[in-house]
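S.K.: What follows is a predicted protein model with its sequence.
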Amino acid sequence: MIKLAQYGTKHGHAAGKLRAMQTNAEVEVVGVFEPDERQREEMAQSDSYAGVHWFESEAAMLGDASIVGIASEGANVESLAQTEAIVRAGKHVWYDKPAGENWAGWQRVIALAREQELLVQMGYMFRYHAGYCKIAEWVHSGLLGDVFAVRAHMSTSLGKAQKEKVSVHCGGVFYDLSSHQLDQIVWLLGRPVRVTPFMRNDMREVEGFTDNGVGIFEFERAIAIVDIAAMEPRPNARRFEVYGAKGSAILDPMEPAENIRLCLDAARDGYDAGVQFVEVAPQSRQDLYALELEAFLAAIRGRREADRSYDHELLVQETVLRGTGLLRG
């Protein structure tokens, strides 16, 4: 058994990540630390946190030598500092996105993890999404030819209170959600040579809040467009599109996925010329969390290499911050 804990409960994925740990046969959940006393009291009464042990302090959790790794699940404004504390304590970290707005701070965390050979795995669940994995396989194998364009749409619907919480971040809803798509895009295309953000407040409900954002990411021979809005009616029409010189792949809907529209200029690799629909295995969000955790555990145990490198985790966050305009260029 691997002993894990959770730091924070305010991230939108926190309850799901705890459940993934609780239902994994290899894991013993030692406890949870929530620094906000009011939040802790609320969570202690919820079904999601029923029966968990609550640490009285950060030191009590980080000082427990039996704990091997910690899920970092604080709110976005606090999670980077909490993650740094976890790494400084010598523990592996499963860190829910995105990796903060302090670029120098995130670089420092990764440097500390490298020095101690600690795993830092970001909580990008689409890395384990059958549709995204299939598209990445097609791109990396050359099935689609040279990729010249990617489009990603991942809007949501936020109430005023949620918008106010997210408004503290440069880029607002774009900062909050674009990282899921940028994680995929840089995995396919590498580092953008130029980024142009368009961050707008179109509904004017919360002053200074980006509720409608578009990022243009230019690569040496390709362009990617990511658009995120905060006021799209549910169910959101989320989709991911990749266009190459020999074929295209469109994942629509993104979640829950059903199939990928694959179009090829000629028959190859077992696929027909023209349009066909490739079925995607059904996965719930909780299924994806479970797969994330399995990868985290396997890397900790040395059963396989980490699915993404330190450099990739740095690149994703740099690209997010360039996309919101916090970093220039």
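M.R.: Yep, that arrived.

S.K.: so how far is Asn259 from Val275?
M.R.: As judged by CB to CB, to the nearest Å, Val275 and Asn259 stand 11 Å apart. C-betas here are computed from N, CA, C, even on glycine.

S.K.: more neighbours, the two?
M.R.: Asn259 (15 against 10; other CB atoms under 10 Å).

S.K.: Now do the contacts for the more buried one.
M.R.: For Asn259, the contact set (CB atoms under 8 Å, 6 or more residues apart in numbering) comprises 277-280.

S.K.: Let's have these in CSV, adding distance to Met154 and neighbour count.
M.R.: Formatted as CSV, the contacts of Asn259 follow (distance: CB to CB, whole Å; neighbours: other CB atoms under 10 Å):
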residue, distance to Met154, neighbour count
Phe277, 22, 11
Val278, 21, 15
Glu279, 22, 12
Val280, 17, 19
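
S.K.: Closest one of those to Leu297?
M.R.: Closest approach to Leu297 among the contacts of Asn259 (CB to CB): Val280, at 24.8 Å.

S.K.: so that closest one makes contact with Glu258?
M.R.: Yes: between Val280 and Glu258 a contact is recorded at 6.3 Å, counting by CB atoms under 8 Å.

S.K.: For the residue most central in space within the chain, report the pLDDT, please.
M.R.: Geometric centre of the chain, nearest residue: Tyr124, 2.8 Å, by CA atoms, centre = their mean. Per-residue pLDDT puts Tyr124 at 97.

S.K.: same question, the one 10 residues further on
M.R.: As predicted, Lys134 sits at a pLDDT of 98.

S.K.: any idea how far it is from Arg308?
M.R.: 18 Å.

S.K.: follow-up on the earlier one: contacting residues around the residue nearest to the centre of the chain?
M.R.: Tyr124 touches 97, 179-180, 183, 316, counting by CB under 8 Å, 6+ apart.

S.K.: Quick one: which of those residues is the most crowded by neighbours?
M.R.: Going by other CB under 10 Å, His180 tops the contacts of Tyr124 with 27 neighbours.

S.K.: Just the element for it, please.
M.R.: Per DSSP states H and E: His180 is located in helix 172-189.

S.K.: So which bits of that helix are buried?
M.R.: Neighbour-count burial for helix 172-189 flags 172-189 (criterion: 16 or more other CB atoms under 10 Å).

S.K.: did I read that right, Pro253 in a helix?
M.R.: No: using DSSP: H, G, I helix; E, B strand; the rest coil, the assignment for Pro253 is coil, not a helix.

S.K.: Give me the neighbour count for the residue lying closest to it once chain neighbours are set aside.
M.R.: Sequence neighbours aside, Arg238 is the residue nearest to Pro253 in space, at 6.1 Å (criterion: CB to CB, 6 or more residues apart in numbering). A count of nearby residues for Arg238, using other CB under 10 Å, gives 21.

S.K.: ditto for Arg114
M.R.: Residues within reach of Arg114, counting by other CB under 10 Å, total 12.

S.K.: Which parts of this protein belong to which domain?
M.R.: For the chain, the structural domains run 2-122, 130-282, going by automatic domain parsing.

S.K.: Endpoints of the longest one, how far apart?
M.R.: Across its full length, domain 130-282 reaches 8 Å between end residues, using CA to CA, to the nearest Å.

S.K.: element containing the closest residue to Gly244 other than its chain neighbours?
M.R.: In space, Gly244 comes closest to Leu144 once its chain neighbours are excluded; the distance is 3.2 Å by CB to CB, 6+ apart. Using DSSP H and E, Leu144 maps to neither a helix nor a strand.

S.K.: how far away is the residue nearest to Pro253 from Ala60?
M.R.: For Arg238, the distance to Ala60 - CB to CB - is 40 Å.

S.K.: cool, Thr196 as well?
M.R.: Counting by CB to CB, the gap from Thr196 to Ala60 is 47 Å.

S.K.: Which secondary structure elements does the helix holding His180 sit against?
M.R.: helix 130-141, strand 147-153, helix 160-166, strand 194-200, strand 212-218, strand 223-229, strand 239-244, helix 310-324 (3 or more CB pairs under 8 Å, 6 or more residues apart in numbering; DSSP states H and E).
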